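1. Generate coordinates for the sequence data below:
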Amino acid sequence: MGSATTPVPAKAAAEAVAVPRGVGLYMAAVQTLFALGWITYALYLPELAQQAGLDRRWVPWILALDQLVFVVTDLAVGVWSDKAAAVQGRIAKVVLATTLVSSAAFLLLPWVAPQGSGGLFLAVTLLWAVTSSVLRAPPLTLLGRYVARPAQPAMVALLALGLGLANAVSPYLGLALKGIDPRWPFLVSALSLAAVTLGMVAAEKALARQRALAGAAAAPVSPAPGSLPPAGGLFLAAVLLVAASFQVHVFLASGPLYRAAGGAEQIAHLMPVFWVGFNVALWPASRWVRRTGAPLALAQGAVLGAVAVAAAHAAPGLGLPWLVAAQLVAGAAWAVMLCSAFIGALGFGHTGREGFYNGSLQSLLAVAALSRLMVVVWVAPTPAQLVGWAGLPALTFAAAALIVVLGLARLRGWPSA
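-> Sure thing, here's the model as predicted:
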């Protein structure tokens with residue numbers, strides 16, 4: 001075993017490098033299955049709600065309730081993970097146990113709905129939403145605690161790839177599941193996620209062993225006391241702006257823009273274009289963040305996103321190929337921004353507050369999703385209105401970049417990665 005004073009054997013050093021990659025791929029698989037479960041739930045929710053005796057107009061409110069639960073539980077679970085990390089293996093064991101409960105609740109949803117009890121259906125949905133939060137912040141806490149900072153960008157890219165792949169296939173998943181009894185996809189999704197999460201304990205042990213092989217202290221850092229520093233607050237504010245901009249562009253404006261540009265008949269094949277750009281750009285984005293530092297990369301990604309969104313807004317008058325190109329660039333920009341957000345959270349939290357910062361980050365992502373759902377519920381914009389609004393995210397992306405630039409110029413304490 002290597003230490004700070006004992007040279008690490010070549011074989012052990014090679015193993016120390018290989019372990020994070022393997023764990024990163026494992027974490028990507030977990031995130032992919034988690035995201036696919038959420039997509040399956042959203043696809044079937046109108047049908048299940050109707051079976052439970054709830055009018056379909058309540059579906060957006062149920063989705064909003066899910067995001068509101070994430071806003072609260074993501075931060076709470078993140079803070080808990082900082083404390084739990086002091087005992088090796090504790091995070092993984094709790095994540096595993098809670099995920100099994102979450103999978104059971106998810107599995108029950110299509111069985112409970114036909115009973116016609118809206119209250120019971122909502123209670124099971126709430127249980128699933130609360131327990132599923134353990135798969136959001138804690139895995140990143142493990143990466144922040146056990147993986148050396150130079151290797152963290154690549155690990156974050158793998159985690160983000162899991163989310164990107166799930167979103168890329170979501171339109172095709174909707175077509176594939178059309179007319180299928182919801183009990184089957186819910187069963188497959190719940191069992192797959194539960195089975196994959198069984199490896200979480202082994203993953204944490206592997207990361208701890210890798211840390212020792214690399215010569216780092218084996219014991220995790222205790223959480224550092226103190227309030228949120230100004231630099232950290234500005235960083236999170238910028239992340240909230242880019243996340244809200246992303247929600248508006250991808251989930252509200254993209255469909256109407258494709259239709260306005262003449263792509264109505266190809267919409268199922270065009271919607272994943274953004275995620276193609278995102279997935280392809282993740283690896284170079286992670287290397288770029290490592291080179292420039294998370295705050296600067298976040299600002300650069302936001303500027304690129306502003307340009308891409310402005311180009312997409314102009315696309316209805318320029319043609320469908322222009323819009324496809326703009327969406328590819330927008331996806332790449334989001335890859336830079338999301339990698340920067342997660343790596344920046346790990347950098348700010350490197351004194352033992354990784355869970356707090358990652359929980360805060362996940363909570364803000366949920367706030368952004370919640371704000372988009374509230375626009376749908378309260379405003380109910382028409383496709384024509386959404387095409388008109390499509391340029392607004394360019395302004396908020398630019399505002400986020402300005403916040404980061406001001407932070408770089410005026411404040412100390414920005415992490416280098």
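2. How about the contacts made by Leu75?
-> Neighbour list for Leu75: 356, 359-360, 362-363 [criterion: CB atoms under 8 Å, 6 or more residues apart in numbering]. Every C-beta, even on glycine, is put in place using the N, C-alpha and C of the backbone.
3. any chance of the residues you listed in TSV, plus neighbour count?
-> Shown next, in TSV, are the contacts of Leu75 (neighbours: other CB atoms under 10 Å):
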residue	neighbour count
Phe356	24
Gly359	29
Ser360	26
Gln362	23
Ser363	24
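4. Let me know the closest of these to Val329.
-> Val329 lies nearest to Gln362 out of these, by CB to CB, at 26.1 Å.
5. Identify the residues contacting the closest one.
-> Applying CB under 8 Å, 6+ apart, the residues near Gln362 are 70, 74-75, 78, 133, 136-137.
6. With Ala366 instead?
-> Counting by CB under 8 Å, 6+ apart, Ala366 touches 67-68, 70-71, 74.
7. ok, Pro182 to Val124 distance?
-> Distance of Pro182 to Val124, given as CB to CB, to the nearest Å: 14 Å.
8. ugh, typo on my part, it should be Leu392
-> Leu392 is 37 Å from Val124, where distance means CB to CB.
9. If I follow the layout properly, Gly37 ends up in contact with Ala190?
-> Yes. Using CB atoms under 8 Å, Gly37 is in contact with Ala190, at 7.3 Å.
10. which neighbours do those two share?
-> Among the neighbours of Gly37, those also in contact with Ala190 (CB under 8 Å, 6+ apart) are Phe106.
11. related to what we said a few turns ago, now do the shared contacts for Pro182 and Val124.
-> Common contacts of Pro182 and Val124 (CB under 8 Å, 6+ apart): Leu109.
12. Tell me the first helix or strand C-terminal of the top helix by length along the chain.
-> Determined from DSSP state H, the single longest helix within the chain is helix 10-51. Sequence order places helix 59-84 as the next helix or strand after helix 10-51, per DSSP states H and E.
13. Quick check on Arg353: phi, psi?
-> The phi and psi values for Arg353, taken as degrees, to the nearest 10, are phi -120, psi 30.
14. Give the burial count for it, as a bare number.
-> Arg353 has 25 neighbours, counted by other CB atoms under 10 Å.
15. pLDDT score assigned to it?
-> You'll see Arg353 listed with a pLDDT of 87.
16. do the same with Thr396
-> On the pLDDT scale, Thr396 is placed at 96.
17. ditto for Leu63
-> Listed pLDDT for Leu63 reads 95.
18. For Val69, see how far away it is.
-> Using CB to CB, Leu63 is found at 11 Å from Val69.
19. give the contact list for the closest residue to Ala366 other than its chain neighbours.
-> Once flanking residues are discounted, Ala366 sits nearest to Phe70: 3.7 Å by CB to CB, 6 or more residues apart in numbering. Phe70 makes contact with 129, 133, 136, 362-363, 366, 369 under the criterion CB under 8 Å, 6+ apart.
20. Check the contact between Gly355 and Gly78; I expect there is one.
-> Yes. The pair Gly355 / Gly78 is scored as a contact, 4.2 Å apart, by CB under 8 Å.
21. Overlap in contacts, these two.
-> Overlap of the contact sets of Gly355 and Gly78 (by CB under 8 Å, 6+ apart) consists of 137-138, 141.
22. thought Pro46 was touching Val59?
-> Yes. Between Pro46 and Val59 a contact is recorded at 5.1 Å, counting by CB under 8 Å.
23. out of Leu392 and Val124, which sits in the more crowded spot?
-> Legend: neighbour count by other CB under 10 Å for Leu392 and Val124, higher for Val124 (21 against 17).
24. Next, the contact list for that one, please.
-> For Val124, the contacting residues are 105, 108-109, 112, by CB under 8 Å, 6+ apart.
25. I'd like the mean pLDDT over the helix or strand containing it, please.
-> Using DSSP H and E, Val124 sits within helix 118-132. Averaging pLDDT along helix 118-132 gives 95.
26. what is the orientation angle of that helix with helix 10-51?
-> Here helix 118-132 runs at an angle of 170 degrees relative to helix 10-51 (axes from the mean of the first three to the mean of the last three CA atoms, to 10 degrees).
27. and helix 118-132 with helix 59-84, angle?
-> Orientation note: helix 118-132 sits at an angle of 30 degrees relative to helix 59-84 (the same axes, to 10 degrees).
28. what mean pLDDT would you report for the very next helix or strand once past helix 118-132?
-> As assigned by DSSP H and E, the chain's next helix or strand after helix 118-132 is helix 138-146. Averaging pLDDT along helix 138-146 yields 85.
29. Low-confidence stretches in the stretch 51-200 of the chain?
-> Along the stretch 51-200 of the chain, segments meeting pLDDT under 70 span 88.
30. buried ones in stretch 340-353?
-> Neighbour counts over stretch 340-353 (16 or more other CB atoms under 10 Å) mark 340-350, 352-353 as buried.
31. out of the shared contacts of Gly355 and Gly78, who's nearest Ala92?
-> Distance to Ala92 across the shared contacts of Gly355 and Gly78 (CB to CB) is lowest for Pro138, with 8.3 Å.
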